[in-house]
Structure formats: structure tokens, C-alpha cells
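Engineer: What follows is a predicted protein model with its sequence.
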Amino acid sequence: MKNIKISQERAYDIIKKPITTEKSTNLQQFNQYSFVVSKNSNSLEIKNAIEKIFKVKVSKVNTSILRGKGKTFKGQYGFRKDIKKAIVTLDEGNTIDSSLEIK
């Protein structure tokens, strides 16, 4: 696995925001954290971005693309945007403070 260097700006473009749901909060006891990421990023870029922003060691990254739900608005049917979600597993002894905001 080769190490890709990314800039600080690219790191913040990749990681959009953390996901704070009941399920993602329960995953934190297993040292796993969920983030909404950009659709054109891959797992290696996500790993390097998390390590650069939060100064932690990442062991595994799982990604999935969530399809937008169909919605009706004023009689018009449309879809919400698709989002890409990443579940990041950290090495033992590493944690991310949940009160941190991504700028």
C-alpha cells in the first residue's frame, strides 16, 4: 500500500462532516467513527485525511454510497443527493474527540 501525500486543503475537502446518529455513537465503543466524505475520494485518501486532521493512526476504512431518498415537494417528485459515507477504524489507544468541528 503506497503512501499518498495530500495537502491540508485537500484533507478538509475530503472529510465533509462527522455523522452523529445513535448507530454511529454506538460504533465509537469499538473505536470506529463515521464521516460524510466527498464522492470522488478513495479509501487511501480518506485514511490520510483523517490521520492529517485528527493526528491519529487509522487501521481500516470502509466506504459506502448512500442513495438519495425520493421526495415530493409541491407536487414535484425528485431525489435528495447521494452521499458517500466512510466508517474509519482507529488503532488501539487512538480516539477522536467528538466535540471537534471540521472547518
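Structural biologist: Looks like it came in fine.

Engineer: Then residue 68 would be within a strand, right?
Structural biologist: No. Counting by DSSP: H, G, I helix; E, B strand; the rest coil, one finds residue 68 to be coil, located in no strand.

Engineer: Return the residues in contact with it.
Structural biologist: 79, 80, 81, 82, 83 (Cβ atoms under 8 Å, 6 or more residues apart in numbering). Glycine gets a C-beta too; all of them are placed from N, C-alpha and C.

Engineer: what do you get if the cut-off is 10 Å, keeping everything else the same?
Structural biologist: By Cβ atoms under 10 Å, 6 or more residues apart in numbering, residue 68 lies in contact with 78, 79, 80, 81, 82, 83.

Engineer: quick one: the residue located most distally from the centre of the chain from residue 13, how far?
Structural biologist: Most distant residue from the mean C-alpha position of the chain: residue 75, 33.7 Å away (Cα atoms, centre = their mean). Going from residue 75 to residue 13 by Cβ to Cβ, to the nearest Å gives 36 Å.
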